[in-house]
Every structure is written in structure tokens, then in C-alpha cells.
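1. What follows is a predicted structure for the sequence shown.
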Amino acid sequence: MAAKPFVTDIETIRRRAREHIDQGAITAGYSADRKTVVKLLNEALATEIVCVLRYKYHYYMAKGIHAKSVAAEFLEHANEEQGHADQIAQRITQLDGAPNFSPEGLLSRSHADYVEGDDLVDMIKEDLVAERIAIDSYREIIDYLGASDPTTRRMMEEILAMEEEHAEDLATLLEELGKKGEPAKPGPDRRKPGKG
């Protein structure tokens, strides 16, 4: 297969750049279906927001002898998921879309569920399940994007790598707690009203 020479017509690029200046970063060279990409990114945004909320709940509700170190991990993950949400929202606006932060329908847009868990081990398991869901769904988004939107693909690849790291962290925590045998249930005074 012969190498394809790099040939560009800079005058044509200059002319096209001036023609649709109101489209910002969306140039004629953008080949993805922008509306679909924005929809997928809003689903990823909802997934990240749900993960932030779940991790924050787990951070505050972690109880037991090993809760302090596990809670610190929950908080670190919550902050990193918030960073992902911010990156995704920024990219949506670069694509001339609107990031959907509405709580209305948040869970239906999210790929991950919001499950609180009954004890420390359950919390870690629920977070691990959510990370595994994000890993598979983000991988599908990356495959869909292919070469049609390299900027969004690269961002999602970076987020995917972090989600894989989170999953590994949680799997390690589960293994360590399993060896220590601590379920650590949250205290009744901090649970939902009417439960205890």
C-alpha cells in the first residue's frame, strides 16, 4: 500500500474558516454526527453526576474500623468523577450543544444506577458495578467516534483510563476487606428517615 502524500490547500481552509465563523470549533472537517455525539456526551455527563452523588453518599455514610481509608477513596473518586463531568460539559459546549444538568430524568440519562448499599462492602460493590458499566459504555462511545471526532474520542479515552483505575482500586479494596471480614453497616441515626 503506497503512502498517501500530505497535500492541503491552505487557501480553501482559510476560506472555509471564514464562511461559518459562528460555528466555533465545528469546521467542515468535523465528520461525526454532532447531535448524536452531544446526546452520547450528555448521557456520559449524567453517568458522571450520578457517580459523584453515589460516591459522596458513600463517603459520608462509611462506618466501621476500616471506614476512614475507604471513605478517603470514595471522596477521591467523587472528585475525579466531578472533573470528568466538567470535561464532558465543556466538550458539549465546544460542539455547540447544551450540557444537561437537570435533575429531571438524570437517572434515565445515566448509564450507571444510584444504589446506596447497606454496608461498606455493599457500597464498594455498587461503586465497582457502576465503574464497570462506565468502562463498557465509554468503550462503545470511543468505538463509535472512531476517527470522526478525535478530540472527543481522546477525552473519552482519558476518562476511560481513569474509570479502569477506579475499578482496580475498588476491586483491591473489596479483596482487602474480604480478608479482614468487615461488613460495617452505617449507623441507624444517619440512615433515611423511618429506617433504623
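-> Yes, it's here. What you see is a predicted model, and the numbers here were worked out from it, not measured in a lab. Numbers count the residues shown, from 1 in each chain.
2. residues of whatever helix or strand residue 47 lives in that come out buried?
-> Element membership for residue 47 (DSSP states H and E) is helix 34-61. Burial within helix 34-61, assessed by neighbour count using 16 or more other Cβ atoms under 10 Å, is assigned to 34, 37-38, 40-59, 61. In this view, the C-beta of every residue, glycine as well, is placed from N, C-alpha and C.
3. May I see the buried residues of the very next helix or strand once past that helix?
-> Remark: after helix 34-61, the chain's next helix or strand is helix 67-94, criterion DSSP H and E. With burial defined by 16+ other Cβ under 10 Å, the residues of helix 67-94 counted as buried are 67, 70-71, 73-75, 77-78, 80-82, 84-85, 87-89, 91-92.
4. can you pull the contacts of the closest residue to residue 106 other than its chain neighbours?
-> Leaving out its chain neighbours, the residue that sits closest to residue 106 by Cβ to Cβ, 6 or more residues apart in numbering is residue 46, at 5.4 Å. Listed by Cβ atoms under 8 Å, 6 or more residues apart in numbering, the contact set of residue 46 reads 100, 106, 107, 109, 110, 111.
5. Equivalent analysis for residue 127, please.
-> 51, 54, 55, 58, 74, 77, 166, 170.
6. now those residues in a markdown table, with pLDDT?
-> Compiled in a markdown table, the contacts of residue 127 are given as follows (pLDDT from 0 to 100):
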| residue | pLDDT |
| --- | --- |
| 51 | 97 |
| 54 | 97 |
| 55 | 97 |
| 58 | 97 |
| 74 | 97 |
| 77 | 98 |
| 166 | 97 |
| 170 | 96 |
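7. Can you check which helix is longest in this structure?
-> helix 150-180 (DSSP state H).
8. Return the list of helices and strands in contact with that helix.
-> Applying 3 or more Cβ pairs under 8 Å, 6 or more residues apart in numbering; DSSP states H and E, one finds that helix 150-180 contacts helix 34-61, helix 67-94, helix 120-145.
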